[in-house]
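**Student:** Show me the folded form of this:
(one chain, ligands or ions: 3)
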Amino acid sequence: MDMNENKRRRSMLLYVLIAIIAYLAISQALGSGLSASRVQSVDYSKFVQMVENDEVTQAESIYGNPEVTFTTGEGDSQKFYSTVIYNGTEESTAQLLNEHGVQMVSSIQDTSSDLWLMMLLSYGLPILIFLGIGWWLNRRMKKAMGDDGPSMNFGGGFGMGGGLGKSNAKKIKGEETGVTFKDVAGQDEAKESLEEIVSFLKHPDKYTEIGARCPRGALLVGPPGTGKTLLAKAVAGEAGVPFFQIAGSEFVEMFVGRGAAKVRDLFKQANEEAPCIVFIDEIDAVGKRRDTSLNSNDEREQTLNQLLSEMDGFDNHKGIVVLAATNRPETLDQALLRPGRFDRRIPVELPDLVGREAILKIHADDVKMEPGIDLGIVARSTPGASGADLANIINEAALRAVRLGRKRVTQEDLLESVDVVIAGEKKKSTVLSEHEKEVVAYHETGHAIVAATQKGSAPVSKITIVPRTSGALGFTMQVEENEHFLTTRKEAKDKIAVLCGGRAAEELIFGEMTTGASNDIEKATQLARAMVTQYGMSDKFGMVQLGQPASRYLGGGSQLTCSEGTAQEIDRQVQELVEEGHQAALKTLRENRFKLHEIAHYLQKKETITGDEFMNILTRDDGFAPKMPKPEQ
Ligand code: ADP
Ligand code: MG
Ligand code: ZN
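**Tutor:** Numbering: from 1, shown residues only. Ligands and ions are numbered 1, 2, ... in the order given. Here you go, the predicted model:
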């Protein structure tokens, strides 16, 4: 009996060991090893360079997420990196990877409806294998030991317990983030608010001595690409503390019950390394308002509850600061915003003119430029661009210089890359017929003439009819001389008229409509609708809010907050406003028909003309020149 017992124990041990080894092997094979290790983040340009040097062995991306994780080397010398690819470069990146034979794994982040399928695929298989091994071992053991062997149910239960609940927060030593406030431009208010956190992290004891309570958490809110992640890293860099980064979606993507475990583990790790920063990126994925609707997500709520209780529980004397970033603050659960949690909200807004120039400068320092380059004009032609867009512009300019075999970036590279980032790459394969080119030329000239003859509109700086990969067949660029923050009712109406100018020219000259105006129509309607429902600019309703913007930082229309009857009336008002702009555009173009012909034909021949060329023809005194508005003082 004793002997039997011993033997039994030994085989149990063996049994567990084999299962562990099998689990490790399988999880490794499934590629989960990639996200779990230390990851160093690098610039996109560095990434491209590494691919071109054929150092990269494998790359992994999640659909809709700009981050790409990739590895170099193999086996023991394998290293993990991540980079952010910019909007619009996905295709060229994929092509580059393909050319260099890099294996690319893309996966789709779950939305809850896909979750079951995902789970089935990623866990069902290993569990089946476990069960199989378990069953097989059981049988062997039974055979070896007679029929009264342990008939425990192995496999499934094991996998869920131990290793799986580990949070895969990437830990980057504070010094290693390599980012300081110097690397973030144009966010002075945000930096100022974060300064206090930095000083707290440097000397937590100073604060606790007096009995001051430092904020436990701060929420960085702002549109995508404005430098929220960058700022969080900079705080760690400034304070020289470790930096734990995890994306909100990582909490929710996995097995039921894992999210909460991950939160616990994350805070345990942080506690060991304090003072430190825990950074939860895109927190809205986990911190969405809990509601009572039927399709609420239990898993997410559990995770959120765990997060809330951890934030209450951790010992703040040691100096743990939780930073989080989101661009949908309005969806966050109120409980998260309570004092003692993310009680501080730090807006990270789109940069203004000065900010844009400063950001361009930071990124321009990384590339070789010809002397005498004017970044100011780039800053002026990119209102509404985020820091990420601007970094992308510099990078595209550098890529263009390389493509053209130059050693330095020129002004032309920069201006061309503004177009690329704003309107998409020039498309070589779209060949327009001569007639289509003519239509597009008239269309764009229509926009330009309506804009130029208005008082106070931004001057036209460029017109082009070279097709873009974004689908645009041409565009007219207007560059504001100064920034302005308020739009008057007249300016809004003028803008609608400019947007209608393209279609109006087509109607006037060809007596026909094309699909080319769809984007203009979309923009004009949006603006008119906002005038009626949000800005109180309609005659009919006056200063009543009839709609709420759906999301402040992500754009995307508004939700009506009025009765059905009113909604009908709103539609009518919107239609009237757009029609008014349409008629104004038709009138202007009718009056300037000769100039319209001349400029359109010139544009058709040259394909791209500057604002100066355009104005020269328009204002040339040949008896047809329009009365130009006096420039404002
Ligand atoms: P967010 O997290 O707000 O979406 P990121 O911090 O990820 O934006 O910014 C992406 C990239 O854009 C950064 O790595 C940086 O290169 C650039 N960038 C964005 N904002 C700034 C800024 N204010 N100053 C310098 N670079 C910036
Ligand atoms: Mg970010
Ligand atoms: Zn148009």
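
**Student:** going forward, measure contacts between C-alpha atoms and count neighbours the same way
**Tutor:** Will do.

**Student:** Return the nearest residue of the stretch 401-550 of the chain with respect to ligand 1.
**Tutor:** residue 421 (13.4 Å; CA to the nearest ligand atom).

**Student:** ends of stretch 342-356, how far apart?
**Tutor:** Taking CA to CA, to the nearest Å, stretch 342-356 runs 29 Å from one end to the other.

**Student:** meant to ask about stretch 381-392
**Tutor:** End-to-end span of stretch 381-392 (CA to CA): 15 Å.

**Student:** buried stuff in it?
**Tutor:** The neighbour-count check on stretch 381-392 (16 or more other CA atoms under 10 Å) flags 381-383, 385-392 as buried.

**Student:** so of these, which ones are in helices?
**Tutor:** Cross-referencing the buried residues of stretch 381-392 against helices under DSSP state H gives 387-392.

**Student:** and which of those residues is nearest residue 222?
**Tutor:** residue 387 (11.7 Å; CA to CA).

**Student:** returning to what we had before: from the buried residues of stretch 381-392, which one has the minimum pLDDT?
**Tutor:** Sorting those by pLDDT puts residue 383 at the bottom of the list (74).

**Student:** can I assume it is in contact with residue 353?
**Tutor:** Yes: counting by CA atoms under 8 Å, residue 353 is a contact partner of residue 383 at 7.4 Å.

**Student:** Overlap of the contact sets of the two?
**Tutor:** residue 483 (CA atoms under 8 Å, 6 or more residues apart in numbering).

**Student:** and residue 382, what is it in contact with?
**Tutor:** Neighbour list for residue 382: residue 418 [criterion: CA under 8 Å, 6+ apart].

**Student:** Low-confidence stretches in the stretch 251-400 of the chain?
**Tutor:** Scanning the stretch 251-400 of the chain for pLDDT under 70 picks out 251-257, 289-299, 314-317.

**Student:** Distance to residue 228 added to the ones in helices among the buried residues of stretch 381-392, as a markdown table?
**Tutor:** Formatted as a markdown table, those follow (distance: CA to CA, whole Å):
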| residue | distance to residue 228 |
| --- | --- |
| 387 | 10 |
| 388 | 11 |
| 389 | 14 |
| 390 | 15 |
| 391 | 14 |
| 392 | 16 |
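
**Student:** Restricting to these, which residues neighbour ligand 1?
**Tutor:** For ligand 1, the contacts drawn from these by CA under 6 Å from any ligand atom are 387-388, 391.

**Student:** Closest one to residue 626 out of these, please.
**Tutor:** residue 387 (39.6 Å).

**Student:** Please name the residues that touch residue 479.
**Tutor:** Counted by CA under 8 Å, 6+ apart, residue 479 has contacts 380-381, 458-461.

**Student:** Next, find the distance separating it from residue 526.
**Tutor:** 21 Å.

**Student:** ok, which stretches of the stretch 501-633 of the chain are helices?
**Tutor:** For the stretch 501-633 of the chain, applying DSSP state H, counting those that start in this stretch gives helices covering 518-533, 564-591, 593-606, 611-619.

**Student:** mind putting these in a markdown table, distance to ligand 1 and mean pLDDT included?
**Tutor:** Formatted as a markdown table, the helices of the stretch 501-633 of the chain follow (distance: least, CA to the nearest ligand atom, whole Å; pLDDT from 0 to 100):
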| stretch | distance to ligand 1 | mean pLDDT |
| --- | --- | --- |
| helix 518-533 | 25 | 92 |
| helix 564-591 | 33 | 95 |
| helix 593-606 | 35 | 93 |
| helix 611-619 | 30 | 93 |
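
**Student:** Run through the strands of the stretch 201-350 of the chain in chain order.
**Tutor:** 217-221, 243-247, 276-281, 320-326, 344-347 (DSSP state E, counting those that start in this stretch).

**Student:** by contact count, what packs against the longest one?
**Tutor:** Strand 320-326 is packed against helix 188-202, strand 217-221, helix 228-239, strand 276-281, with contacts defined by 3 or more CA pairs under 8 Å, 6 or more residues apart in numbering; DSSP states H and E.

**Student:** Let me know the average pLDDT across the third one.
**Tutor:** Average pLDDT, helix 228-239: 91.

**Student:** chain center to that helix: distance?
**Tutor:** Its chain's C-alpha centre and that of helix 228-239 lie 18 Å apart, by CA atoms, centre = their mean, to the nearest Å.

**Student:** The second one too?
**Tutor:** Relative to the centre of its chain, strand 217-221 is centred 17 Å away, using CA atoms, centre = their mean.

**Student:** again with the first one
**Tutor:** Taking CA atoms, centre = their mean, the mean C-alpha location of helix 188-202 is offset from the chain mean by 24 Å.

**Student:** List, one by one, the residues from the stretch 201-350 of the chain near ligand 1.
**Tutor:** 224-230.

**Student:** got a winner among those residues for most neighbours?
**Tutor:** Neighbours here mean other CA atoms under 10 Å. Within those, the largest count is held by residue 228, at 29 neighbours.

**Student:** gap between residue 365 and ligand 1?
**Tutor:** 11 Å (CA to the nearest ligand atom, to the nearest Å).

**Student:** what's the burial count for that residue?
**Tutor:** Other residues close to residue 365 by other CA under 10 Å number 10.

**Student:** Repeat that for residue 80.
**Tutor:** Neighbour tally, residue 80, other CA under 10 Å: 21.

**Student:** Make sure it is indeed in a strand.
**Tutor:** Yes: the assignment for residue 80 is a strand, going by DSSP: H, G, I helix; E, B strand; the rest coil.

**Student:** so it touches residue 71, yeah?
**Tutor:** Yes: using CA under 8 Å, residue 80 makes contact with residue 71 at a distance of 4.6 Å.

**Student:** Dump the helices and strands packed on strand 320-326 into a markdown table; add distance to residue 591 as well.
**Tutor:** Output for the helices and strands packed on strand 320-326, formatted as a markdown table (distance: least, CA to CA, whole Å):
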| stretch | distance to residue 591 |
| --- | --- |
| helix 188-202 | 49 |
| strand 217-221 | 48 |
| helix 228-239 | 50 |
| strand 276-281 | 55 |
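
**Student:** For residue 249, which of these is the nearest?
**Tutor:** So among those, strand 276-281 is nearest, using CA to CA, at 8.5 Å.

**Student:** Distance check, residue 207 against residue 342.
**Tutor:** 19 Å.

**Student:** Between these two, tell me which one has more neighbours.
**Tutor:** Higher neighbour count among residue 207 and residue 342: residue 342, with 22 against 16, using other CA under 10 Å.

**Student:** Which residue is the nearest non-sequential neighbour of the more buried one?
**Tutor:** residue 217 (4.4 Å; CA to CA, 6 or more residues apart in numbering).
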